[in-house]
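Asker: The following block contains a protein sequence and its predicted model.
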Amino acid sequence: MQVWTEIRRKVLVEKVSVRQICRDYGLSHHTVAKMLENVEPPGYQQGQGERPRPKLGPYLGVIDQILEVDKTAPKKQRHTAKRIFERLRDEHGYQGSESHVRRYLAEIDHRHREVFVPLSQPPGEAQFDFGEAVVEIAGVRRKAALAVMSLPYSDAFNVTAYPRECTETFQKAHDDAFEFFGGVPTKIAYDNTTVAVKKVLGGPNRELTTEFLRLESHYLFTHRFCRVARGNEKGHVESLVGYHRRNFLVPVPSFTSFAELNAYLARRCEEELDRTLRGQTESKRERLETDRAAMLGFPKTAFESRKVSYAKANSLSLVRFDRNDYSVPTAYAHQNVVVIGGVETVKFVAQGHLVATHARCWEREQTFYEPVHYLALLERKPGAFDAARPLEQWQLPACFWSLRRRLEVDLGRSGTKEFIKVLRLLERYSMRDLRLAVERAAVMLSVNADVVELLIRAKNETPVELFSLDGHAHLRAVSLEAVDLAAYRTLTAVGS
């Protein structure tokens, strides 16, 4: 810079010729002209040719192959620069830096990112959002709804996966997140999901759904909804949805069930609490204590995550819920039924009583029968027993079929009806108790439904315990006169 200034002064002030300057300093005419045109040396400008990459060069083909495979992967579960760097390092022995990988990716994919204003994040407040990821459950690749709740102050988060985003899973995700955090946030930010918002009104006003208000009333938190299409207003949780996909679910993981998947996610969320963020002196777990101190306590009663709907059982004793059909006892055919759909079960209430419970199915257009529901009708129509569709997949123990053959031999045409009466005992007793009673009845000379029930009741009766005088010393002095049993003979004498 000193020579630069000196040459400019000699030419522009002292009027020394450019030719003389070139001779004195050994510079070209072009270089001196550049000095005269610029007050200071211009910044370094990279040449137009491709820069050599001595360390990354041998791996460019691997990177290109990863990017090519990503074209067929789920859009939100593709490799980031960090993930590509980790794979090059761990799988291919790359010794260079991550910045070289990032620079190469920037050259082939120019990304334009929006700029946002940093927002204040008080302790005790949360953000919630649903995202999607592809997982493999029981050997089948499918989409899963990822529910993420985060606490921006501590950066603690909880993520759970469900077959679909709906009212029940929305509520269950809140319940699980509150349990994980150890408290209820005072305020939660949302986008305008239809699970919570019926209608977007002017400004910040919203018409909310009944089930969202029930959730809010139970836990007593307040809400804040983002402006339409402005998810950046809850940017903390927005970024975490992608973070979980990239770091927890790449490559696409495989689990036997959603329960196993959620156990894995819970373990990863717990491990994250031990991290310390850049610029912080405390770990997430330590900062979470500050969040908890600002949170609300838990209500005295537990919250039931469910969706209530109303339906009517058809002539086949089937009730439709969420595009699937579930059976109820035939006594409630053609009657109105209240359906309580939960994440794991579906319950059916008729005339104020719980009449049926089924495991929840998240597929579509499936039919689920409970064989016991149809036994009362089959008792009146025993001829339909062997052709009854609800009984097609019923796997009964072998002793039941032995009992049926015996009843049909002993009772003839009414044997099937008597066998159905035996099965109807499942309306009151467990399959285990009934199986044990049927096994005991096999050695009896005569057997029917009443005998089988007596065997169940005899097994379930509590034996009478002998009275002990231990601890009752004052009773030892009490004496009773012997009873003359001959007095009972007068009872038989009356009949004669």
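Answerer: Nice, I can see it. Residues are numbered from 1 along each chain as shown.
Asker: What is the neighbour count of V18?
Answerer: 16 (other CB atoms under 10 Å). C-beta coordinates here come from the backbone N, C-alpha and C atoms, glycine included.
Asker: Secondary structure element holding the residue most central in space within the chain?
Answerer: Centroid-nearest residue in the chain: A161, 2.9 Å away (criterion: CA atoms, centre = their mean). Using DSSP states H and E, A161 sits in strand 156-162.
Asker: for the record, mean pLDDT for the next helix or strand after that strand?
Answerer: Of the helices and strands lying after strand 156-162 in sequence (DSSP H and E), the nearest is helix 167-181. Helix 167-181 comes out with an average pLDDT of 95.
Asker: For the strand holding A161, which strands pair with it and how are they oriented?
Answerer: Its sheet considered, strand 156-162 pairs with strand 140-151 (antiparallel) by DSSP bridges.
Asker: ranges for the strands of the stretch 201-350 of the chain?
Answerer: 206-208, 222-225, 254-255, 307-312, 318-321, 324-327, 336-341, 345-350 (DSSP state E, counting those that start in this stretch).
Asker: Out of those strands, the one nearest L56 is which?
Answerer: When the strands of the stretch 201-350 of the chain are ranked by proximity to L56, the top entry is strand 254-255, at 32.4 Å, counting by CB to CB.
Asker: who's in contact with that closest one?
Answerer: With CB atoms under 8 Å, 6 or more residues apart in numbering as the contact definition, strand 254-255 has outside contacts at V135, E136, I137, A138, G139, L261, Y264.
Asker: Now do the residue nearest to the centre of the chain against P253, distance only.
Answerer: As for A161, its distance to P253 is 10 Å (criterion: CB to CB, to the nearest Å).
Asker: ok, now D410?
Answerer: 58 Å.
Asker: same deal with S217?
Answerer: In terms of CB to CB, S217 sits 37 Å off from P253.
Asker: These two: which is more packed in?
Answerer: Neighbour totals were compared for S217 and P253, and P253 leads with 16 against 10 (other CB under 10 Å).
Asker: could you measure the closest residue in space to that one that isn't next to it in sequence against Q366, distance?
Answerer: Nearest-residue entry for P253: V135, 5.9 Å, with adjacent residues in sequence omitted and distances by CB to CB, 6 or more residues apart in numbering. Distance, V135 to Q366, using CB to CB: 21 Å.
Asker: likewise A486?
Answerer: Remark: distance between A486 and Q366 (CB to CB) = 72 Å.
Asker: mind listing what's buried in the helix or strand hosting E6?
Answerer: Here E6, judged by DSSP H and E, is contained in helix 2-12. By neighbour count on 16 or more other CB atoms under 10 Å, the buried set for helix 2-12 is I7, R8, K10, V11.
Asker: And stretch 156-171, by the same measure?
Answerer: So stretch 156-171, judged by 16+ other CB under 10 Å, has buried residues 156-163, 165-171.
Asker: residue contacts, E211?
Answerer: T167, Q171, V195, K307.
Asker: residues contacting the last one?
Answerer: Taking CB under 8 Å, 6+ apart, we find K307 in contact with C166, T167, E168, E211, I340, G341.
Asker: Which members of the residues you listed define the maximum pairwise distance?
Answerer: C166 and I340, at 13.9 Å, using CB to CB across the contacts of K307.
Asker: ok so, going back, wait, the residue nearest to P253 touches L146, no?
Answerer: No - using CB atoms under 8 Å, V135 is not in contact with L146, being 9.4 Å away.
Asker: ok, Q121 to V135 distance?
Answerer: From Q121 to V135 the distance is 30 Å (CB to CB).
Asker: Show me which of those two is the more surrounded one.
Answerer: Between Q121 and V135, counted using other CB under 10 Å, the more crowded position is V135 (20 against 14).
Asker: How about R364: what's its closest non-neighbour residue?
Answerer: Leaving out its chain neighbours, the residue that sits closest to R364 by CB to CB, 6+ apart is R323, at 4.8 Å.
Asker: Next, the distance between the ends of stretch 359-377.
Answerer: Distance across stretch 359-377, first residue to last, is 23 Å (CA to CA, to the nearest Å).
Asker: actually stretch 35-42, sorry about that
Answerer: Start-to-end, stretch 35-42 (CA to CA) is 9 Å.
Asker: and that stretch, which residues are buried?
Answerer: Under the neighbour-count criterion of 16+ other CB under 10 Å, stretch 35-42 has M35 buried.
Asker: So which residues make contact with it?
Answerer: Contacts to stretch 35-42, defined as CB under 8 Å, 6+ apart, come from residues M1, W4, I7, R8, V11, L12, V18, K34.
Asker: quick check: mean pLDDT across it?
Answerer: Here stretch 35-42 scores 83 as its mean pLDDT.
Asker: Test my guess that the residue nearest to R364 contacts W362.
Answerer: No - using CB under 8 Å, R323 is not in contact with W362, being 10.3 Å away.
Asker: Name all residues that sit in contact with V135 and L146 at the same time.
Answerer: Taking CB under 8 Å, 6+ apart as the contact rule, V135 and L146 both touch A161.
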